[in-house]
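[1] Here is the input, now give the coordinates:
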Amino acid sequence: MNETERDREAEAEQQALLAAAEVGIYRLAIPTPFMVGRVNAYLIEDSPLTLVDSGPNSAKALDELEQALARRGHAVEDIELLVISHQHIDHFGLASILARRSGAEVAALDRVAPFLASYGQEAELDDLFAERLMLRHGIPPEVVTVLRAVSAGFRAWGAAVQVTRPLADGGELELRDRKLRVLHRPGHSPSDTIFWDERRSILLAADHLIAHISSNPLLARPLPNRETLAPLASPNRPASAEHETSPIPRPQALITYIDSLEKTRAMDLKLVLSGHGRPITDHVALIDERFRLHKRRAHKIGGLIAAQPRTAHEIAQELWGNVAVTQAYLTLSEVLGHVDLLLRDGTVAEHERDGVVRFGAA
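    Predicted coordinates for the structure are as follows:
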């Protein structure tokens with residue numbers, strides 16, 4: 001990108017943010033310790049005063065959030081409603097602190113409420129799920145051990161929070177001056193939730209759609225079904241007790257994500273406010289480019305598999321080299337997502353031997 005293109009992009013970003021500000025929505029870019037960089041929280045100056053996402057659980061994130069609120073003439077204690085878009089810690093880590101200090105209601109998709117309430121236990125189950133998946137798909141045990149330790153170290157960036165206002169998919173979050181349609185759009189995570197101001201054609205999309213990077217559909221344990229919400233939330237039963245004994249098939253995160261993107265593509269939108277980076281003003285063009293990217297990557301992976309059978313980890317190493325070790329779970333999710341497209345199309349077959357899966361030409 002040359003200087004003229006960068007200037008044009010910066011101008012478009014400012015115009016989009018001004019358009020959001022005209023209807024009372026302000027981006028607060030909060031620091032994170034992660035490679036993705038800053039996370040976007042959104043302050044909605046309405047009644048109740050609403051904050052969508054919080055940033056991670058860190059002193060630096062809290063300090064910068066407080067400064068950003070102060071520039072708008074507010075304090076943490078003024079927040080009346082805190083909305084959580086999904087289960088990743090850069091989006092909800094500070095939620096419990098903010099709720100405690102402000103007394104705000106905490107709203108999130110009903111199906112993610114048990115996860116948020118039992119975050120510590122859920123994080124351990126997530127790590128166990130990831131460990132089994134990594135070993136099954138060829139990542140060496142010593143690498144898995146290191147990655148589990150790294151993941152455990154990241155847990156402090158999140159904290160359990162009680163959802164006091166569970167939201168149903170398809171329902172409405174009504175403020176004084178606007179109604180936000182609540183839409184479950186899983187894929188990047190099982191709990192991705194977007195909030196649509198249909199009257200203004202504005203979408204608060206969190207990580208469902210990001211302008212500068214393709215949202216990675218991470219492999220994750222499924223959320224409980226609606227029918228199991230009541231027993232899972234029971235004080236006498238851990239939120240994910242069934243996961244400890246029942247086998248979980250590998251989620252088809254990319255296929256799920258593509259289905260979610262197709263639904264979003266059909267929406268009438270003028271502005272998409274993302275969880276990271278700049279706003280999006282042409283969501284159809286961006287989603288179409290994402291579809292082309294996934295098609296190209298699946299084709300490339302299909303070629304590698306046609307040349308010789310490989311584990312998902314071997315494919316990741318062929319594509320990304322050492323990044324497939326340092327970012328093993330992310331690259332594994334990427335490969336398996338595209339292999340699922342090939343399996344669905346019947347061009348690839350899956351074979352297991354000694355507990356390790358390899359993919360070969362069908």
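[2] Every contact and neighbour count from this point should use C-alpha atoms.
    OK.
[3] Residue 82 - how many residues pack around it?
    Residue 82 has 29 neighbouring residues, counting by other CA atoms under 10 Å.
[4] For it, report the pLDDT, please.
    Residue 82 is assigned 98 on the pLDDT scale.
[5] Which helix or strand contains it?
    Using DSSP states H and E, residue 82 sits in strand 81-83.
[6] Kindly report the same for residue 56.
    Judged by DSSP H and E, residue 56 forms part of no helix or strand.
[7] got it, and the one 4 residues further on?
    Take DSSP H and E as the rule and residue 60 turns out to sit in helix 59-71.
[8] now that helix: how far from the chain's centre is it?
    Relative to its parent chain, helix 59-71 has a centroid offset of 23 Å by CA atoms, centre = their mean, to the nearest Å.
[9] Please name the strands paired to the strand holding residue 82 in the sheet, noting orientation.
    With DSSP bridges as the test, strand 81-83 is paired with strand 50-52 (parallel), strand 105-109 (parallel).
[10] Compute the first-to-last residue distance for stretch 105-120.
    Distance between the two ends of stretch 105-120: 21 Å, counting by CA to CA, to the nearest Å.
[11] Ok, which of the strands paired with strand 81-83 comes nearest residue 274?
    Nearest to residue 274, of all these, is strand 50-52, at 11.1 Å by CA to CA.
[12] Run through who's touching that closest one.
    With CA atoms under 8 Å, 6 or more residues apart in numbering as the test, strand 50-52 has contacts from 41, 42, 43, 44, 79, 80, 81, 82, 83, 84, 85.
[13] Go through those and name the one nearest residue 178.
    Residue 178 lies nearest to residue 44 out of the contacts of strand 50-52, by CA to CA, at 10.1 Å.
[14] which residues does that closest one contact?
    Contacts of residue 44 (CA under 8 Å, 6+ apart): 24, 25, 26, 50, 51, 52.
[15] For the stretch 51-200 of the chain, which segments count as helices?
    Using DSSP state H, counting those that start in this stretch, the helices of the stretch 51-200 of the chain run over 59-71, 89-92, 95-102, 113-117, 119-136, 141-154.
[16] Quickly compare those helices and say which is most buried.
    helix 89-92 (a mean of 26; mean count of other CA atoms under 10 Å).
[17] Now that helix - C-alpha only, CSV.
    Once non-C-alpha atoms are left out, helix 89-92 reads as follows in CSV (Å, rounded to 0.1, in the frame of the first residue of the first chain):
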residue,chain,number,x,y,z
ILE,A,89,-10.9,-12.8,26.9
ASP,A,90,-9.8,-9.7,25.0
HIS,A,91,-13.5,-8.9,24.8
PHE,A,92,-14.8,-9.7,28.3
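[18] ok, back up a step: deepest of the strands paired with strand 81-83, which one?
    strand 50-52 (a mean of 25).
[19] I'd like the average pLDDT over that strand.
    On average, strand 50-52 scores 98.
[20] residues touching residue 257, list them.
    185, 186, 187, 188, 217.
[21] What ranges does the stretch 251-362 of the chain have for its strands?
    Per DSSP state E, counting those that start in this stretch, the stretch 251-362 of the chain carries strands over the ranges 271-274, 348-353, 356-361.
[22] Tell me which of those strands is the most buried.
    Buried most deeply of the strands of the stretch 251-362 of the chain, by mean count of other CA under 10 Å, is strand 271-274, with a mean of 25.
[23] what is the mean pLDDT for it?
    98.
[24] what's the distance between residue 130 and residue 4?
    44 Å.
[25] For residue 285, grab the count of nearby residues.
    12.
[26] so how far is the first residue of stretch 89-109 from its last?
    OK, stretch 89-109 end separation, CA to CA: 15 Å.
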